[in-house]
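Asks: attaching a predicted model along with its sequence, questions to come.
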Amino acid sequence: MRLDKFLADMNFGTRREVKGYIKKGLVTVNDQIIKSDKFHVNEYEDRVLFDGEPVHYQKNFYYLLHKPGGVISATVDNYDETVLDLFEDQDFRDDLFPVGRLDKDTEGLLLIMNDGQLAHRLLSPKKHVDKEYYAQVAGIVTAEDQAAFKAGLTIDGDEVCLPAQLIIDAVDEENQTSEIRLILHEGKFHQVKRMVQAVGKEVTYLKRLRMGPIVLGEQLALGEYRPLTPEELALLQN
Ligand code: URA
């Protein structure tokens with residue numbers, strides 16, 4: 001790999017900026033100052049220092065974001081803030097993208113990565129990665145609803161959903177509201193909201209708690225993100 005690409009990939013600047021740094025003599029490879037940006041390095045074996053600091057090559061980046069409401073699950077948008085706008089400059093890369101989508105008003109776990117192959121596998125209908133949601137609902141969710149979700153609900157007349165697990169966490173008879181968790185094995189457009197609508201109720205708040213083995217947990221505030229741990233990544237890759 002060319003030295004300028006290596007450094008640009010590691011977020012030291014644009015290709016043009018890092019060419020300037022190389023020309024200035026800020027970069028050494030195996031203890032030699034290299035002033036040619038065309039110089040090739042072995043990204044895994046050569047010892048590259050930038051201004052005296054070692055640079056370790058990393059090809060893929062994986063993050064867990066606690067998505068807040070009001071931002072869209074896209075990389076760029078002319079009107080709305082996107083989930084990538086939440087990234088700090090030092091972590092932002094233009095090859096990062098969200099794995100699937102959450103609605104603009106939905107909060108919770110969203111994976112952000114630059115590994116197209118893994119993302120494709122996670123979203124593949126064949127892989128059936130399950131997703132767990134927490135929802136507040138206007139209306140009383142019942143045992144009949146649970147049975148209907150388990151049997152496989154038909155939404156909007158002709159779309160048949162795979163069997164889903166509906167857990168009723170709380171029911172407030174006085175205010176006619178419920179709190180539920182829903183475990184889905186597929187990802188249809190607006191699926192949770194449409195399934196709840198199909199049994200005559202309405203989602204008023206929605207949050208994704210889990211995607212496959214990756215759990216949102218309590219550590220991240222809304223809008224915060226963190227890299228996946230090596231253990232989490234290994235679980236996702238299996
Ligand atoms: N189901 C929905 O209705 N919305 C989401 O954002 C995710 C699942």
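Replies: Okay, I see it.
Asks: C-alpha from now on. contacts and neighbour counts both.
Replies: OK.
Asks: center of this structure - which residue?
Replies: In the chain, the residue lying closest to the centroid (CA atoms, centre = their mean) is residue 111, at 1.5 Å.
Asks: show residues contacting the one helix or strand that residue maps to.
Replies: If you go by DSSP states H and E, residue 111 is part of strand 107-113. With contacts defined as CA atoms under 8 Å, 6 or more residues apart in numbering, strand 107-113 is touched by 60-69, 96-102, 119, 206-211, 215-216, 222.
Asks: direction included, what does it pair up with?
Replies: Sheet pairing of strand 107-113 (DSSP bridges) gives strand 62-67 (antiparallel), strand 97-98 (antiparallel), strand 202-211 (parallel).
Asks: tell me which of those strands lies nearest to residue 147.
Replies: Nearest to residue 147, of all the strands paired with strand 107-113, is strand 202-211, at 18.0 Å by CA to CA.
Asks: helices and strands around the following helix or strand past that closest one, which ones?
Replies: Once strand 202-211 ends, the next helix or strand along the chain (criterion: DSSP H and E) is strand 214-215. In terms of contacts (3 or more CA pairs under 8 Å, 6 or more residues apart in numbering; DSSP states H and E), strand 214-215 is packed against no helix or strand at all.
Asks: pretty sure residue 117 sits in a helix.
Replies: Yes - under DSSP: H, G, I helix; E, B strand; the rest coil, residue 117 sits within a helix.
Asks: report back the residue of the protein that's furthest from centre.
Replies: Quick read of the chain (CA atoms, centre = their mean): farthest out is residue 32, 39.9 Å.
Asks: for the ligand, see how far away that one is.
Replies: 52 Å (CA to the nearest ligand atom, to the nearest Å).
Asks: that residue pairs with what?
Replies: What pairs with residue 32, by the bridge criterion (DSSP bridges), is residue 29.
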